[in-house]
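A.B. asks: Need the 3D shape of this:
(2 chains)
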Amino acid sequence: DTGVSQNPRHKITKRGQNVTFRCDPISEHNRLYWYRQTLGQGPEFLTYFQNEAQLEKSRLLSDRFSAERPKGSFSTLEIQRTEQGDSAMYLCASSSLDGAPQHFGDGTRLSIL
Amino acid sequence: GNSVTQMEGPVTLSEEAFLTINCTYTATGYPSLFWYVQYPGEGLQLLLKATKADDKGSNKGFEATYRKETTSFHLEKGSVQVSDSAVYFCALSDSTYKYIFGTGTRLKVLA
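C.D. replies: Coordinates of the predicted model:
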């Protein structure tokens, strides 16, 4: 069990640029979740996958955001035309079964200049 | 909709003091309840959980009891240590198993 891995740890970019984050879940975990955490707040749900199927998306996930999980393994979260308000910590979590506790990665901190 | 409310921090205690961090929730159905801890520069770690009413979750000296009648899941520890300094998040898992978190409570323990 190597844990949930997220890359990069930090991303600094200019407003209007596209960014992509990667999450590698614990192997054999079929559920994968993305959350966003802003300073002083708790994580907020963005989207989740069961295997390769994206089953739910939050209203927070605007059209500029897209997530994929090809082959049901790693996942990517892309933000197009970044805005100042996208600055946050993006967290990935995975779990093995319905209702099993989620295991979180250390997150990717996005800073928009 | 579902929601979680936590007491605001920061909470500052002396070592060996008793800790309570309040958490109440609003939910339809019977959610599972969790406490996660976030140490500086690290990701969220599961501290304890409870899946049904009257369950008590416990770990590392921390405890929380799922109280359906008061919709609460307060975190307690009898004697805190400096190493317990962190941010604590209460969360519920809804019917689709995604989490809804509280805003977090920062705990600072002084030697």
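A.B. asks: Just give the closest residue to the closest residue to chain B within chain A, not the sequence neighbours.
C.D. replies: Nearest to chain B in chain A, going by C-beta to the nearest C-beta, is residue A:42, at a distance of 3.2 Å. Quick note: C-beta positions are derived from backbone N, CA and C, even for glycine. In this structure, residue A:42 finds its nearest non-sequential neighbour in residue B:101, 3.2 Å apart by C-beta to C-beta, 6 or more residues apart in numbering or on different chains.
A.B. asks: Could you give the bridge partners of that neighbour?
C.D. replies: Using DSSP bridges, the beta-bridge partners of residue B:101 come out as residue B:91.
A.B. asks: Not counting its own residues, what contacts the helix or strand of chain A with the lowest mean pLDDT?
C.D. replies: Here the helix or strand of chain A ranked lowest by mean pLDDT, DSSP states H and E is strand A:53-57, holding a mean of 92. Residues outside strand A:53-57 that contact it (C-beta atoms under 8 Å, 6 or more residues apart in numbering or on different chains) are A:46-49, A:67-69, B:96, B:98.
A.B. asks: Rank the residues you listed by pLDDT and give me only the lowest.
C.D. replies: Within the contacts of strand A:53-57, the minimum per-residue pLDDT falls on residue B:96 (79).
A.B. asks: and it, how many residues sit next to it?
C.D. replies: 10 (other C-beta atoms under 10 Å in any protein chain shown).
A.B. asks: Kindly report the same for the one 3 residues further on.
C.D. replies: Residue neighbour count, defined by other C-beta under 10 Å, stands at 26 for residue B:99.
A.B. asks: Could you do residue B:74 as well?
C.D. replies: 18.
A.B. asks: hang on, isn't it packed against residue B:22?
C.D. replies: Yes: under the criterion of C-beta atoms under 8 Å, residue B:74 makes contact with residue B:22 at 5.2 Å.
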